[in-house]
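**Q** fold the following.
(one chain, ligands or ions: 2)
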Amino acid sequence: MSKKYIIALDQGTTSSRAVLFDDQGALLKIKQQEFKQIFPKPGWVEHDANEILNTQLAVFEELLKTCEIKPEELFGIGITNQRETTVVWDRNSGDPICNAIVWQDKRTADICEWLRNEGLEDYIKKETGLVIDSYFSATKIKWILEHVERAKQKASNGQLLFGTIDSWLLWNLTNGSVHATDFSNASRTMLFNIRKLDWDDKLLNVLDIPRSMLPETKPSAHVFGYYDLNGFGVPIAGIAGDQQAALFGQGCSEAGSAKNTYGTGCFMLMNTGEELRHSKHGLLSTIAWGLNGKINYALEGSVFIAGAAIQWLRDGLEIINNAAESESAAEKISNDHGVYVVPAFAGLGAPYWDMYARGAIFGLTRDTGKEHLIRATLESLAYQTKDILDIMEEDSGIQLSSLKVDGGAVANNFLMQFQADILNTIIERPVIIESTALGAAYFAGIAVGLWTQEDITKYRKIQKKFVPVFDEEERSKLYLGWKRAVERSMNWIEK
Ligand SMILES: Nc1ncnc2c1ncn2[C@@H]1O[C@H](COP(=O)(O)OP(=O)(O)O)[C@@H](O)[C@H]1O
Ligand SMILES: O=P(O)(O)OC[C@H](O)CO
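**A** Ligands and ions are numbered 1, 2, ... in the order given. As a prediction, this is how the structure comes out:
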């Protein structure tokens, strides 16, 4: 019987991955490469777009070679990506004109203040679903056009192209012939009108960004172009932002279903179906995907630093050798240790939206050791998730009986148990924690006719459930301490 495969290219904030799936949605193999994080100044975060491309191509080629995939067996490629990160490149040479500005970068806080002063807050919320924040691509594009030599002039002449990472990869995988993105990625730029499904002229005018720079927008399951694999055109048939792809990969296709992904950041999304809902408490409204001629919307709680805080323990403080080690270290101490780490390294996202908050540690005493810091850092992921889940339930009127989780950090059993305890909710960890890649593969598989939307719900399997054991008093006491700590870390740097 002939073999049928789909490959997902999962371009995350810290690594590029290529993931092979068979026609039953089973994950067969992953190849992964980390790449450089560039921190030129406090609050700035950059990536080298060429390094992103090269690591992504390297893992893709390695996967094809190791698994001996023949071109005709590869039915489709799905792309999924860290969202918002902004690349601007020259249409003729294909070269980026500067490093990519990463979603965590805070350099455009003043442009955001200016937009707020222009009275655009309500308009932006209503038309793009977003809050004004340097997180999104719009102010990053403006910054590049204003700071890179001759960029403004080249952009007005139609020489420059903008893309989130999916567009950058697509452009290169199709040899510079396709400049497009999907609705889910477009909805993260703060330039896309999520009701009209078009770039928003008013915002383009205010920010002085020429429309000619922007990619075409398409549904998530769609044949965007072809990758030439030894003379065989493989369809690039799925594109979605990584958090939306994870929502799809977790089988959250029905309105009211939700997931939380613990990667570099932590992102909880709830599918709100074809209805665009606005939050009263700082959640974003965003496009989940475009599929079968319809748009699905979602509510999202974005936490900027989650797994990245564990990387900080490893690379910054050097108190663990690898992320997995954090689990046994945390288990050495008890619940009542009294230390709180607020990892506001990139300001605070939902529900606080404070670009001026910075990281802080509270409750230090003479006996505080590295295990306390490790444990408090892991706990901060769980507290930030509680901040989000509480308002998600309030805004949607839906109480989740369990929370579906995925992403690199859910391998940590201590974290998962503490999460269940703090939320008082069952945590469901699936067999495939690579839901992001799975979602992108599903979109591609659906677009090429390998699967239907009904098929994919059959494939999801739970690996473990974590059941809460804390009593209410303990839970409330610990969470209250977190709220006090967050309050003190807010508004730290001067405007
Ligand atoms: N066992 C673990 N415990 C805690 N954090 C972990 C563990 N394993 C990985 N991580 C964290 O998960 C993140 C990697 O997850 P991943 O989903 O690959 O992220 P991304 O897609 O953002 O690059 C890293 O930030 C890492 O620190
Ligand atoms: O790299 P991740 O998986 O943490 O995802 C980053 C998000 O897409 C940023 O919005």
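**Q** and the closest residue to residue 4 other than its chain neighbours, backbone torsions?
**A** In this structure, residue 4 finds its nearest non-sequential neighbour in residue 23, 4.1 Å apart by Cβ to Cβ, 6 or more residues apart in numbering. Where you see a C-beta, it was placed from the backbone N, CA and C, and this is true even at glycine. Main-chain torsions, residue 23, degrees, to the nearest 10: phi -80, psi 0.
**Q** doesn't residue 455 make contact with residue 23?
**A** No - Residue 23 is beyond contact range of residue 455, at 9.6 Å (criterion: Cβ atoms under 8 Å).
**Q** now do stretch 115-125: distance to the chain's middle.
**A** Relative to its chain's centre, stretch 115-125 lies at 24 Å (Cα atoms, centre = their mean, to the nearest Å).
**Q** what of stretch 38-50?
**A** Worked out by Cα atoms, centre = their mean, stretch 38-50 lies 17 Å from the chain centre.
**Q** for that stretch, which outside residues touch it?
**A** Stretch 38-50 is contacted from outside by 35-37, 85, 87, 89, 96, 99-102, 104-107, 168, 346, using Cβ atoms under 8 Å, 6 or more residues apart in numbering.
**Q** buried sites along the top helix by length along the chain?
**A** Criterion DSSP state H: the longest helix present in the chain is helix 370-396. The neighbour-count check on helix 370-396 (16 or more other Cβ atoms under 10 Å) flags 371-389, 391-392, 395-396 as buried.
**Q** check stretch 72-89 too.
**A** 73-89.
**Q** right, is it up against ligand 1?
**A** No - using Cβ under 6 Å from any ligand atom, stretch 72-89 stays clear of ligand 1, coming no nearer than 6.6 Å.
**Q** could you tell me the end-to-end distance of that stretch?
**A** Distance across stretch 72-89, first residue to last, is 32 Å (Cα to Cα, to the nearest Å).
**Q** which ones among the contacts of stretch 38-50 map onto helices?
**A** Those of those lying in helices (DSSP H): residue 168.
**Q** which among the contacts of stretch 38-50 end up buried?
**A** 35, 37, 85, 87, 89, 96, 99-102, 104-107, 168, 346.
**Q** ok, residue 216 - contacts?
**A** With Cβ under 8 Å, 6+ apart, residue 216 has these contacts: 179, 180, 181.
**Q** same for the helix or strand containing the last one, what does it pack against?
**A** Same thing as residue 181. Following DSSP states H and E, one finds residue 181 within strand 180-182. Secondary-structure packing of strand 180-182 (3 or more Cβ pairs under 8 Å, 6 or more residues apart in numbering; DSSP states H and E): helix 165-173, strand 216-218, strand 221-229, strand 232-241.
**Q** can you redo these as TSV with mean pLDDT?
**A** TSV is the format used below for the helices and strands packed on strand 180-182 (pLDDT from 0 to 100):
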stretch	mean pLDDT
helix 165-173	98
strand 216-218	98
strand 221-229	97
strand 232-241	97
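**Q** in the protein, what helix or strand scores lowest on average pLDDT?
**A** The least trusted helix or strand in the chain, going by mean pLDDT, DSSP states H and E, turns out to be helix 453-457, with a mean of 80.
**Q** determine the next helix or strand in the C-terminal direction from that helix.
**A** Toward the C-terminus, helix 453-457 is succeeded by strand 462-466 as the next helix or strand (DSSP H and E).
**Q** tell me the angle of the helix or strand just after that next one relative to helix 370-396?
**A** Using DSSP H and E, the helix or strand that follows strand 462-466 in sequence is helix 472-489. Here the directions of helix 472-489 and helix 370-396 differ by 100 degrees (axes from the mean of the first three to the mean of the last three Cα atoms, to 10 degrees).
**Q** same for the next helix or strand after the longest helix of the chain, what does it pack against?
**A** Sequence order places strand 402-406 as the next helix or strand after helix 370-396, per DSSP H and E. Where contact means 3+ Cβ pairs under 8 Å, 6+ apart, strand 402-406 is packed against strand 258-262, helix 413-423, strand 426-430.
**Q** quick check: residues of the stretch 151-300 of the chain near ligand 1?
**A** Neighbours of ligand 1 within the stretch 151-300 of the chain, by Cβ under 6 Å from any ligand atom: 263, 264.
**Q** and which of the buried ones among the contacts of stretch 38-50 is nearest residue 62?
**A** For those, the residue nearest residue 62 by Cβ to Cβ is residue 35; the value is 14.8 Å.
**Q** so the closest one sits against residue 15, correct?
**A** Yes - contact criterion Cβ under 8 Å: residue 35 and residue 15 qualify, at 6.8 Å.
**Q** can you list residues touching both of those two?
**A** Residues touching both residue 35 and residue 15 by Cβ under 8 Å, 6+ apart: residue 55.
**Q** low-confidence ranges in the protein?
**A** 1 (pLDDT under 70).
**Q** burial measure for residue 70, as a count.
**A** Using other Cβ atoms under 10 Å, residue 70 has 13 neighbouring residues.
**Q** repeat for residue 280
**A** Around residue 280 there are 8 other residues, counting by other Cβ under 10 Å.
**Q** again with residue 252
**A** 25.
**Q** name the SS class of it, please.
**A** With DSSP: H, G, I helix; E, B strand; the rest coil as the basis, residue 252 sits in coil.
**Q** so the residue nearest to it when sequence neighbours are not counted: helix, strand or coil?
**A** Nearest non-adjacent residue to residue 252, counting by Cβ to Cβ, 6+ apart: residue 271, 5.0 Å away. Under three-state DSSP, residue 271 falls in the strand class.
**Q** pairing partners for residue 271 in the sheet, please.
**A** residue 298 (DSSP bridges).
**Q** I'd say it and residue 250 touch.
**A** No - using Cβ under 8 Å, residue 271 makes no contact with residue 250, being 9.9 Å away.
**Q** common neighbours of the two, please.
**A** residue 257.
**Q** what about those two, which has more around it?
**A** Neighbour tally, residue 271 and residue 250, criterion other Cβ under 10 Å: the higher count belongs to residue 250, 26 against 23.
**Q** how many neighbours does the closest residue to that one other than its chain neighbours have?
**A** Spatial nearest neighbour of residue 250, excluding adjacent residues (Cβ to Cβ, 6+ apart): residue 259 at 4.2 Å. Neighbour count of residue 259, defined by other Cβ under 10 Å: 26.
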